[in-house]
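>>> Task: produce atomic coordinates for the following.
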Amino acid sequence: MELKLEVVVIPVADVDRALAFYTGIGFREDADFRTERGLRVVQVTPPGSAASIIFGEKLTEARPGTVRGLHLVTADIAGARAELAERGVAISGLWHDADGVFHWAGSVNRVPGAHPEAESYGTFASFEDPDGNEWILQQVVTRAPGR
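Presented below is the predicted three-dimensional model:
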């Protein structure tokens, strides 16, 4: 069996504000469909990604801002962080987890700065969209075997 994650639905309060935010940080607008019965589907894709996010009206019952830990993977976290900051995103500095395995929920166990020993998987930065949905940048230069 082959399964690919292609779309994640995120809850937002203001669709146009979310669309402006995501396209403003470089996501590609793929679709903006409306039906006569009030359904609105907006799809945007991060640069270089095969997966997209969808938000809109009547798509989810989740409260805006409740999605946590969406990961955007990059080989150049410092460069990606700088570009997002230049585009107006309030983004954290680089950080790593004190245990060095992954990261805890929220800001627990965060140590400022890049992971001192790991070029891949261990360094993060984080930001939120206007509704508070959390995004994590993660640096991956060399993938672990089998990935």
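
>>> ok, now which residue in this structure is the farthest from the centroid?
Distance from the C-alpha centroid of the chain, by CA atoms, centre = their mean, peaks at residue 36 (30.7 Å).

>>> show me the contacts for that residue.
The neighbourhood of residue 36, defined by CB atoms under 8 Å, 6 or more residues apart in numbering, contains no residues. Every residue, glycine included, has its C-beta placed from N, CA and C.

>>> Where does it sit: helix, strand or coil?
Three-state assignment for residue 36 (DSSP: H, G, I helix; E, B strand; the rest coil): coil.

>>> likewise residue 73?
Under the three-state scheme (three-state DSSP), the conformation of residue 73 reads as strand.

>>> quick one: the strands in this structure?
With DSSP state E applied, the chain shows strands at 7-9, 28-34, 40-45, 52-57, 70-74, 95-97, 110-112, 124-128, 134-139, listed in chain order.

>>> For residue 86, which of the ones you listed is the nearest?
If you check each of the strands of the chain against residue 86 by CB to CB, strand 124-128 wins as the nearest, at 12.9 Å.

>>> helices or strands up against the closest one?
Other elements packing on strand 124-128 under the criterion 3 or more CB pairs under 8 Å, 6 or more residues apart in numbering; DSSP states H and E are helix 77-86, strand 95-97, strand 134-139.

>>> Which of those sits closest to residue 117?
Comparing these against residue 117 with CB to CB, the closest turns out to be strand 95-97 (9.4 Å).

>>> And for the closest one, what's in contact with it?
Applying CB under 8 Å, 6+ apart, the external contacts of strand 95-97 come out as 103-104, 109-116, 118, 122-126.
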